[in-house]
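**Q** no sequence for this one, just the structure:
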């Protein structure tokens, strides 16, 4: 598309529509090329716009990266989630919600994996990521504790079990992204079921 | 250091020494900034050399990236490993050898994580990575099967158990890199022990 060669948006509606298109283009570039391939030029090409127009939105490369990180965060927070069961089922749902089982979840995970490199190169961002994953572990910890109360998981430090589950699921994401034929969605689910079965049997 | 402003190496020994220094500089840049930060300019700065000298080694950015990927592969293959026990102990040793338990292993893992983004952006490299990780799963599968023969692990498809173990360990690497204070080496080992204990108890 070459919708944007004409210049600046005329109305608020135009402006909103254009922001959505810019977001879609940034997302698409990241899903294909990662943060390493995220440049004003590649986003402009995806959008069919001039680089000049893009500098209106992103005066610097840093502004573009920050926008992309915010977009990743927003889309992750607002992604569709499974209706949540109780106890162990709720833990499984939370873990299933992370896996790349759909094209949308695959794009989003691919961008997360790319963002790790960005995060590891920047101490402030790295600290922010540490907080994000700690929060996510806290949410898993609550579900582990609930499953323990229902007697579906054996006793043991729920935070420790949650950290293990988070490690398992992140590594499964990486494996599935790097080798989709070896890790189609049914196999991912099977591996998760095996993991949860082992947790259940642990003592 | 500014050893390299003087021009080309005079002898074979100089040449070898210089290659080692170039490798060390490429490694250091990757450990700090990842593949996204790997440029002729950053390697030249690390080496105290001119960008011009670097183009003697790496005529293109692509050549530099390929060199860095080879270096990562070589250093991984030749890294020190634990003397291997039998059965379940051998499986544990192989998994411990992957974790970022030392500064050297942390650098190497940080570069691997960065390289995932590079691999996911390039179909040929992606296929190469899929093969690499499949081979690594094969080696784990042998150890799982040996532990099963000794009765240390319950029966079950050893390839499936190895895939689960690989997912767990890669995800633990990611967590430990992103949040070192939350995952100091003793906690990484503890989480691995919990994982193996759950496997042992599974049925």
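**A** In hand now; what should we look at? None of the values given here were measured: they were computed from a predicted structure. Residues are numbered from 1 along each chain as shown, chains lettered A, B, ... in the order given.
**Q** Show me what secondary structure element comes after the strand or helix carrying residue A:143.
**A** Assigned by DSSP states H and E, residue A:143 falls within helix A:123-149. Going down the chain from helix A:123-149, the next helix or strand is helix A:158-178, by DSSP H and E.
**Q** any idea which helix or strand comes after that following helix?
**A** Helices and strands here follow DSSP H and E; after helix A:158-178, the next one along the chain is helix A:185-201.
**Q** for the record, mean pLDDT for that next one?
**A** When pLDDT is averaged over helix A:185-201, the result is 96.
**Q** right, is it up against chain B?
**A** Yes. Using C-beta under 8 Å from any C-beta of the partner chain, helix A:185-201 reaches chain B at A:190, A:191, A:194, A:195, A:197, A:198, A:199, A:201. (C-beta placed from N, C-alpha, C; glycine too.)
**Q** Next, work out how far apart the second one and residue B:49 are.
**A** Okay, so that is residue A:191. Relative to residue B:49, residue A:191 is positioned 47 Å away (C-beta to C-beta, to the nearest Å).
**Q** go on, the first one?
**A** In this structure, residue A:190 and residue B:49 are 52 Å apart, going by C-beta to C-beta.
**Q** Neighbour count for the two, which is higher?
**A** In this view residue A:190 and residue B:49 are compared by other C-beta atoms under 10 Å in any protein chain shown, and residue B:49 has more residues nearby, 24 against 15.
**Q** buried stuff in the helix holding residue A:143?
**A** The neighbour-count check on helix A:123-149 (16 or more other C-beta atoms under 10 Å in any protein chain shown) flags A:125-126, A:129-130, A:133, A:136-137, A:140-141, A:143-148 as buried.
**Q** quick one, that helix and helix A:185-201 angle?
**A** Our comparison of helix A:123-149 with helix A:185-201, counting by axes from the mean of the first three to the mean of the last three C-alpha atoms, to 10 degrees, yields an angle of 60 degrees.
**Q** From the contact counts, what lies against helix A:123-149?
**A** Packing contacts for helix A:123-149, counted by 3 or more C-beta pairs under 8 Å, 6 or more residues apart in numbering or on different chains; DSSP states H and E, involve helix A:87-96, helix A:103-120, helix A:158-178, helix B:158-178.
**Q** what about that helix, distance to the chain center?
**A** Its chain's C-alpha centre lies 15 Å from the corresponding centre of helix A:123-149 when counted by C-alpha atoms, centre = their mean, to the nearest Å.
**Q** again with stretch A:79-94
**A** 17 Å.
**Q** now swap in stretch A:107-126 and tell me
**A** For stretch A:107-126, the distance to the chain centre is 10 Å (C-alpha atoms, centre = their mean).
**Q** how about the residue in chain A that chain B sits nearest to, what does it touch?
**A** Nearest residue of chain A to chain B: residue A:171, at 3.1 Å (C-beta to the nearest C-beta). By C-beta atoms under 8 Å, 6 or more residues apart in numbering or on different chains, the contact set of residue A:171 is B:166, B:167, B:168, B:169, B:170, B:171, B:172, B:173, B:174.
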